[in-house]
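Chemist: Can you look at this prediction? I've put the sequence above it.
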Amino acid sequence: MHIRTSKKICTSKTMAKSKVAYFCQSCGFESPKWLGKCPSCQQWNTFVEEVIEKVNVAVPTWKSNSTTTQRSNKPVQVSEITFDEEQRMLTPDKEFNRVLGGGIVAGSLVLIGGEPGIGKSTLMLQLALNMPNLKVLYVSGEESERQIKMRAERLTEVGSRRSEVGSQKSEGGCFVLTETSTQNIFKQIEQLEPDLVVIDSIQTLYSSHIESTPGSVSQVRECTAELLRFAKESSTPVFLIGHITKDGMIAGPKILEHMVDTVLQFEGDRHHVYRILRAVKNRFGSASELGIYEMMGEGLREVSNPSEILLSQRDEPLNGVTISATLEGMRPMLIETQALVSTSAYGTPQRTATGFDTRRMNMLLAVLEKRCGFRLGAKDVFLNITGGIRVEDPAIDLGLAAAIISSHEDMPIPFKTCFAGELGLSGEVRAVNRIEQRIAEAQKLGFEQIFISKYNLASSGKDKKHIDLSRYKIEIKTVGSIEEVFSMLFG
Ligand code: TYD
Ligand code: MG
């Protein structure tokens, strides 16, 4: 009896010393024992042991001595809550401001994810260099000071003009810190008092509160939590660069995305020069905004008029090529959609869509086959959205359907014609939102006719106001069904 008790005490003591837990590296699920399959995300073999014991030594975290006193909040009526407009810092980069919902919010924590080599470090360093009035601290755990300096020189004249990059003499400017320990970073932050902090990348940081290796789930979570506390308490915006895994998820626990205020995704085809910055989550604005950049030899250039780059310059109409008026976030954009329909060489026809959902393509093909009688079942169909961008707006259905038929029938779509309409399963052309913005953009770019749904005329938006067609110079063709479109186009 006696022995047992002492044994018990002994084990519990050793347990306390090196407390370990198992974390799913895919979703961050925590378990006291190893599991083969994650009960949360159903992935196999994702559990890794991590030491999670907190070191009780007084290591400074972000102002650990000024610990917030436990205060409890009382419920208040919504009408009684007063609030001030959140302060926003405008950057010189208009695309960036728009994606963030109108500038950087004070005290916000923003996560930027993207594949390696897509340009995350370039984007953030460029931003840091272009804000000479602000003190920006660029913390890099991935590159040396020299490498960053070389990149800065390459980026802008600003980089070379400020030869004191990294020195602490000037008032504003970009300061570079190569450090991976959060405790040391906070020490430097307390001295420098920056207006903005960039962390490149969150997976390289480690906190001495946790014993597991940098990049592990518990480290990433702890470091983010410390930075979150810092951002909120000091009202300093913090940008975190995050790696993504091979299936496009931000590496580390999903919980990371819940902790931050905003998640931005920097994406693009590495073989194309265009890069897209997309808000995936935004507590301070719309999550459907999009910023477009062009990767040049000397950094990223904002593309403020995307329609111009997304439309190829040609002199004559081609088969299988149409223009659709889409909307990304609040911005209207004209994009080129291409289709190639050819006789299949094999028994099973190939269906490939680039930049567009394959399931939706199959639906369009089924509608064209069933409702319009086109024999597409034995054909290979390839769809492509030019410029390497991905479109989810259903308003490109009509343009894609027209492109498919144009290629199938070998008849070109008349020049300077564009489309904006969603296709229903019975072949009806459905109304799309913000039609007036789309029409106006098409007119601005010199299009002569646009096909839209007739249901768009009845009401536009919530306020049910009628569209005044006479306001536009562009010819507006209203259609109710896909057959109508084809008889108007191909006679
Ligand atoms: P980088 O910002 O290092 O990517 P990430 O941090 O997302 O891994 O971008 C590296 C790529 O960008 C590299 O392939 C070279 C290219 N690049 C340019 O084309 N022009 C430039 O001015 C810079 C700095 C990089
Ligand atoms: Mg990088």
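Modeler: Looks like it arrived, so ask away. Numbering: from 1, shown residues only. Ligands and ions are numbered 1, 2, ... in the order given.
Chemist: so where's the stretch 51-200 of the chain shaky on pLDDT?
Modeler: Within the stretch 51-200 of the chain, the ranges that satisfy pLDDT under 70 run 53-71, 156-171.
Chemist: Enumerate the residues of it near ligand 1.
Modeler: Counting by Cβ under 6 Å from any ligand atom, the stretch 51-200 of the chain comes close to ligand 1 at 114, 116-122, 151, 154-155. No exception for glycine: its C-beta is placed from N, CA and C like everyone else's.
Chemist: quick one: buried residues of the lengthiest strand in the chain?
Modeler: If you go by DSSP state E, the chain has its longest strand at strand 331-343. Of the residues in strand 331-343, 331-341 count as buried by neighbour count, 16 or more other Cβ atoms under 10 Å.
Chemist: okay, these in CSV with distance to ligand 1 and pLDDT next?
Modeler: Putting the buried residues of strand 331-343 into CSV (distance: Cβ to the nearest ligand atom, whole Å; pLDDT from 0 to 100) gives the following:
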residue, distance to ligand 1, pLDDT
Arg331, 24, 79
Pro332, 29, 85
Met333, 24, 86
Leu334, 27, 89
Ile335, 24, 90
Glu336, 24, 90
Thr337, 28, 91
Gln338, 27, 91
Ala339, 32, 94
Leu340, 31, 94
Val341, 36, 94
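Chemist: What sits closest to whichever residue of the stretch 251-400 of the chain sits closest to ligand 1 if chain neighbours are left out?
Modeler: Residue nearest to ligand 1 within the stretch 251-400 of the chain (Cβ to the nearest ligand atom): Gly299, separated by 4.2 Å. Of all residues not flanking Gly299 in the chain, Leu155 sits nearest, at 4.2 Å (Cβ to Cβ, 6 or more residues apart in numbering).
Chemist: check contacts around that neighbour.
Modeler: By Cβ atoms under 8 Å, 6 or more residues apart in numbering, the residues touching Leu155 are 122, 125-126, 129, 298-299.
Chemist: among the residues you listed, which ones are buried?
Modeler: For the contacts of Leu155, a neighbour count by 16+ other Cβ under 10 Å gives the buried set as 122, 125-126, 129, 299.
Chemist: Now intersect these with the helices, please.
Modeler: Members of the buried ones among the contacts of Leu155 lying in helices (criterion: DSSP state H): 122, 125-126, 129.
Chemist: Looking at those, which one is closest to ligand 1?
Modeler: In terms of Cβ to the nearest ligand atom, no member of those lies closer to ligand 1 than Thr122, at 3.4 Å.
Chemist: Doesn't Gly291 lie inside a strand?
Modeler: Yes. Assessed with DSSP: H, G, I helix; E, B strand; the rest coil, Gly291 lies in a strand.
Chemist: re the thing from before, and the buried ones among the contacts of Leu155, which is closest to Ser307?
Modeler: For Ser307, the nearest member of the buried ones among the contacts of Leu155 is Gly299. The distance, counting by Cβ to Cβ, is 23.1 Å.
Chemist: beta partners of that closest one?
Modeler: Counting by DSSP bridges, Gly299 forms beta bridges with Met296.
Chemist: How about Gly173?
Modeler: Assigned bridge partners for Gly173, using DSSP bridges, are Lys135.
Chemist: pretty sure it is in contact with Leu137, am I right?
Modeler: No. Using Cβ atoms under 8 Å, Gly173 makes no contact with Leu137, being 10.3 Å away.
Chemist: Helices of the stretch 151-300 of the chain, start to end?
Modeler: Listed in chain order, the helices of the stretch 151-300 of the chain (DSSP state H, counting those that start in this stretch) span 157-161, 182-192, 217-234, 255-259.
Chemist: returning to that earlier point: partners of the helix or strand following the longest strand of the chain in the sheet?
Modeler: Beyond strand 331-343 on the C-terminal side, the first helix or strand identified by DSSP states H and E is strand 351-354. When pairing is defined by DSSP bridges, strand 351-354 lines up against strand 379-385 (parallel).
Chemist: Nearest residue to Cys174 in space, please, no chain neighbours.
Modeler: Ala128 (4.4 Å).
Chemist: was I right about the one you found contacting Ser140?
Modeler: No. Assessed by Cβ under 8 Å, Ala128 is found out of contact with Ser140, at 10.8 Å.
Chemist: I'd like the distance between Arg415 and His272.
Modeler: Slight slip there: residue 415 is Phe, not Arg. The gap separating Phe415 from His272 is 26 Å, by Cβ to Cβ, to the nearest Å.
Chemist: average pLDDT across stretch 356-370?
Modeler: Here stretch 356-370 scores 93 as its mean pLDDT.
Chemist: per-domain residue ranges of this structure.
Modeler: 16-54, 88-304, 308-459+467-490 (automatic domain parsing).
Chemist: As TSV, the ones you listed with distance to Lys74 would be great.
Modeler: Listed next are the domains of the chain as TSV, based on distance: least, Cβ to Cβ, whole Å:
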stretch	distance to Lys74
domain 16-54	31
domain 88-304	21
domain 308-459+467-490	38
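Chemist: out of these, nearest to Ser72?
Modeler: domain 88-304 (18.0 Å).
Chemist: what residues does the stretch 251-400 of the chain put near ligand 1?
Modeler: Residues of the stretch 251-400 of the chain lying near ligand 1 by Cβ under 6 Å from any ligand atom: 295, 297-299.
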